[in-house]
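>>> Model the following, please.
(chains A and B)
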There are 2 protein chains.
Amino acid sequence: MDYQALLKNRRAIRDFQDREVPLSVLKEMLQETCLAPTASNGQPCQFIIIRDRRFMKRLSTESKNNFLADVAKDPASPLKKYEAMLRDEQFNIFYNAPCVVYFIGPKGVGSLDVDTGLTAAYFMFAATARGLGTCWIGMGTPVRTPEILKEMGVPGDCEIVAPIIVGYPKDIPAASERHDPVILKVI
Amino acid sequence: MDYQALLKNRRAIRDFQDREVPLSVLKEMLQETCLAPTASNGQPCQFIIIRDRRFMKRLSTESKNNFLADVAKDPASPLKKYEAMLRDEQFNIFYNAPCVVYFIGPKGVGSLDVDTGLTAAYFMFAATARGLGTCWIGMGTPVRTPEILKEMGVPGDCEIVAPIIVGYPKDIPAASERHDPVILKVI
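Down below sits the predicted model:
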C-alpha cells in the first residue's frame, strides 16, 4: 500500500466485521511497530493482546465504572460530556472489535507518553497496510482493580497508556474534520 | 512510496546535504501531518518553522545552557550522559540541518504528549515520502529566555514538545538496534 493510500485509509474505526484477527498478524504488526523512533531509542512500550470477548467486556465495565467515578469527583472535567454514553449499560467501550491491544510502559519513563504516541502511529499504519482498522480507546485507560490488572499481566511498575482496538472494518469512514495546520511563525 | 519502503527509510537523520527545504514542501508536509489522530480529535499541535541558521544556532546555545543547568541541579538525572557533548562549544544540537520545526501546544491539554507523538510520526513519514529526513531533538525542548520565546512566537499558554529537524539526508543509515516486541500476555 502506498503512503497516500495509507493516509486515506487510516481512520478511527468503530464498526468491525465479525471476523477474528489472527494472532500471527498481530505479532507481525507489533514487529513492525517496534521500528518506531523513541526518545534515546528507549523502546519503553510493552504489549498485552486481548482477544477473549468476555474479558474485553469485563475490561469495558471496569473502565466505565472508574471513568464515571473520576467524573463524579470532578464535575468540571472535560470528560463529563461522555457521562451519558458511559451510563448506558449496553455501551461497550471497545465497540464490536474482536481484539484490543494494550500499550503499557514503566511509570518512571518521562518520555512514555510521546514514545507511546509515536509507537501507536506505527501500529495504526501497520494495521491499515493489512486492511485492518484501529481506534485508540482513551476511555479504556482507567483499569485499577488489582485482580484485573493481575489477570492482564500488567507489572506493578507499569501503567496503561493506550488501549487500541483492532479488527477488519465494515467500511472506511470519511476523515473527521481537520483544521489547516496552525503555523505560528516562519523565521 | 510504499509502506515497506517508508519503514525502511524513516530513520533518525543527523547528517544532511547542503540544500534548503522549500517552504512549500514543509507546508505540504504539515497539511498531511494534520491527518494524524488526536484525543477526541483535539488537534492541539501548532507549528513554528525555523530556517534561519543564525537563529537556529542561538536556539541551540539557549537549549544547551538550560539543559546543562538542569543536569547541574539534578546530578542523578538520566540526562547526565549528554553532559560532555553539550559542553562542546562546537556542538550544534540541530547538527547541520537546514531547518527545524517546533511542535508546540497548550499547557493545559492532558493528551498533549501523546497527541504530539502521533502527529510527529505523521510528520516524519511525510518527510520520508518526499526523500527528506528528520530527527526529534529532545535536547531542543528547554527554551526559556523570554525574548527568544517571543521572537519564536510561542504564546504564553503554550509549551514546546518537539523540535524536529528536517533536511535532505546524505545517506540513510541502518536502523539503530531494536529488541523484539515485549508481549506480556495473550488472552
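
>>> From here on, just use CA atoms for contacts and neighbour counts.
OK.

>>> Could I get the full set of strands for chain A?
With DSSP state E applied, chain A shows strands at A:46-50, A:99-106, A:133-136, A:158-167, A:183-186, listed in chain order.

>>> Now do the last one, average pLDDT.
Confidence over strand A:183-186, taken as the mean pLDDT, stands at 97.

>>> and if you look at the first one?
Mean pLDDT, strand A:46-50: 98.

>>> who does that strand pair up with?
Applying DSSP bridges, strand A:46-50 is found paired with strand A:99-106 (antiparallel), strand B:183-186 (parallel).

>>> could you dump those to a markdown table with distance to B:A174 and mean neighbour count?
Converted to a markdown table, these look like this (distance: least, CA to CA, whole Å; neighbours: other CA atoms under 10 Å in any protein chain shown):
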| stretch | distance to B:A174 | mean neighbour count |
| --- | --- | --- |
| strand A:99-106 | 26 | 23 |
| strand B:183-186 | 25 | 15 |
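
>>> Dump those to TSV, plus distance to A:K170.
TSV is the format used below for those (distance: least, CA to CA, whole Å):
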stretch	distance to A:K170
strand A:99-106	15
strand B:183-186	25
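
>>> a markdown table for the strands of chain A, including distance to A:L26?
Below are the strands of chain A laid out as a markdown table (distance: least, CA to CA, whole Å):
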| stretch | distance to A:L26 |
| --- | --- |
| strand A:46-50 | 8 |
| strand A:99-106 | 9 |
| strand A:133-136 | 12 |
| strand A:158-167 | 9 |
| strand A:183-186 | 37 |
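
>>> okay, now A:L7: neighbour count?
Residues lying near A:L7 (other CA atoms under 10 Å in any protein chain shown) number 18.

>>> The closest residue to it other than its chain neighbours: how many residues sit nearby?
Excluding the flanking residues, the one nearest A:L7 by CA to CA, 6 or more residues apart in numbering or on different chains is B:L35, at 7.3 Å. Neighbour count of B:L35, defined by other CA under 10 Å: 25.

>>> Now do the same contact list for B:L35.
Contact analysis of B:L35 by CA atoms under 8 Å, 6 or more residues apart in numbering or on different chains lists A:7, A:178, B:122.

>>> Ok, A:Y95 next?
A:Y95 makes contact with A:14-15, according to CA under 8 Å, 6+ apart.

>>> ok, it to A:E177 distance?
In this view, A:Y95 and A:E177 are 22 Å apart by CA to CA, to the nearest Å.

>>> Show me what the longest helix seen in chain A is packed against.
Criterion DSSP state H: the longest helix present in chain A is helix A:53-73. Applying 3 or more CA pairs under 8 Å, 6 or more residues apart in numbering or on different chains; DSSP states H and E, one finds that helix A:53-73 contacts helix A:83-87.

>>> How many neighbouring residues does the closest residue to A:D2 other than its chain neighbours have?
Spatial nearest neighbour of A:D2, chain neighbours left out: B:D2 (3.9 Å); criterion: CA to CA, 6+ apart. By other CA under 10 Å, 14 other residues sit near B:D2.

>>> show me the contacts for B:D2.
A:1-3.

>>> ok so, going back, turn the contacts of B:L35 into TSV, columns for pLDDT and distance to A:R130.
Compiled in TSV, those are given as follows (pLDDT from 0 to 100; distance: CA to CA, whole Å):
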residue	pLDDT	distance to A:R130
A:L7	90	13
A:R178	92	25
B:Y122	97	18
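
>>> Just the closest of those to A:L68, please.
Set against A:L68, the nearest of these by CA to CA is A:R178 (29.0 Å).
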